[in-house]
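[1] My questions concern the predicted model and sequence given below.
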Amino acid sequence: MEQEYTIKRSSSRKKLTITVERDRSVVVHAPVSTSEARIQEIVHSKRQWIYEKMHHPQKYSDLPHPPGKELVNGESALYLGRHYQIEIVDEGIKSVQFDHCFRVPALRTADRRKAMQNWYVERANEQILPRVKKFADSLGVNYSEAKIVGSLYRWGSCTTRDNVTFNWKLIKAPMFVVDYVIVHELTHLMEPNHTPRFWNIVRAQSPKAEKAKQWLLEHGQLLEGDI
């Protein structure tokens, strides 16, 4: 049976790479000029490597993601690694407020979820992006742009144009996990591959790197939902 995969083309990309995401999906990043026949040939030649990556213990299990929570009184939501109770407020507020609990305006269900997502995105911009600059200065690297995005199945990425991006859902994780992901992506500006040198740099800048990797392995699925 042929391996299923998704192709993502870029005019700035000069060579083809293959990644196996956390959910075990296979993504081929290819230059615009690469034919589908050539892509299929390369994927076929890498089938053993793909198989090994798909069965790596750090990939998510085959269990479905936990069911999404409801934005109702008594439920809780994650923020920086801790669960905080949700309180639905009938009047007086138009957006989510946080003070040791989430105070959510009594909107329609879909609007409540959007309001909660907006709050998370704002906090991610406020708290993650300044730390990107801090660690970049510490590493002595320069990036073109740092952005908070809604990418699926990836906590962070470093592009061929030296842009670094981070999933807004990462703000739900403890700060030592956030710092690890930031350092991980910035280190790719110095060392593109996961070489021993790469990991030495990451561990030097993020002493809790191994603990962070383990946290994401055990709890990463909890971050995937909108709340």
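    Cool, got the structure. Numbers count the residues shown, from 1 in each chain.
[2] For the rest of this, base every contact and every neighbour count on C-alpha atoms.
    Fine.
[3] after the longest strand along the chain, next one along is what?
    Among the segments of the chain that qualify as a strand by DSSP state E, the longest is strand 82-89. Counting by DSSP states H and E, the next helix or strand C-terminal to strand 82-89 is strand 97-98.
[4] and the closest residue to Val141 other than its chain neighbours, how far is that from Thr160?
    Leaving aside its sequence neighbours, Val141 sits nearest to Leu189 (Cα to Cα, 6 or more residues apart in numbering; 6.9 Å). Per Cα to Cα, to the nearest Å, Leu189 is found 9 Å from Thr160.
[5] Mind pulling the model confidence for the residue most central in space within the chain?
    For the chain, the residue nearest the mean C-alpha position is Trp155 (1.3 Å; Cα atoms, centre = their mean). pLDDT for Trp155: 90.
[6] cool, and Leu16?
    90.
[7] can you count the residues close to it?
    Using other Cα atoms under 10 Å, Leu16 has 16 other residues around it.
[8] count of neighbours near the residue nearest to it when sequence neighbours are not counted?
    Distance criterion Cα to Cα, 6+ apart; nearest residue to Leu16, sequence neighbours excluded, is Ala30 at 4.5 Å. Ala30 is flanked by 22 other residues according to other Cα under 10 Å.
[9] what's the answer for Tyr120, then?
    Neighbours around Tyr120, by other Cα under 10 Å: 22.
[10] In this structure it contacts Lys169, no?
    Yes - with contact defined as Cα atoms under 8 Å, Tyr120 reaches Lys169; the gap is 7.2 Å.
[11] and Leu189 and Thr160? which has more neighbours close in?
    Per other Cα under 10 Å, whichever of Leu189 and Thr160 has more neighbours is Leu189, with 21 against 13.
[12] Identify each buried residue in stretch 104-119, please.
    Neighbour counts over stretch 104-119 (16 or more other Cα atoms under 10 Å) mark 104-107, 112-117 as buried.
[13] Packing partners of the longest helix seen in the chain?
    Looking across the chain with DSSP state H, the single longest helix is helix 109-139. Applying 3 or more Cα pairs under 8 Å, 6 or more residues apart in numbering; DSSP states H and E, one finds that helix 109-139 makes contact with strand 102-105, strand 145-149, helix 175-187.
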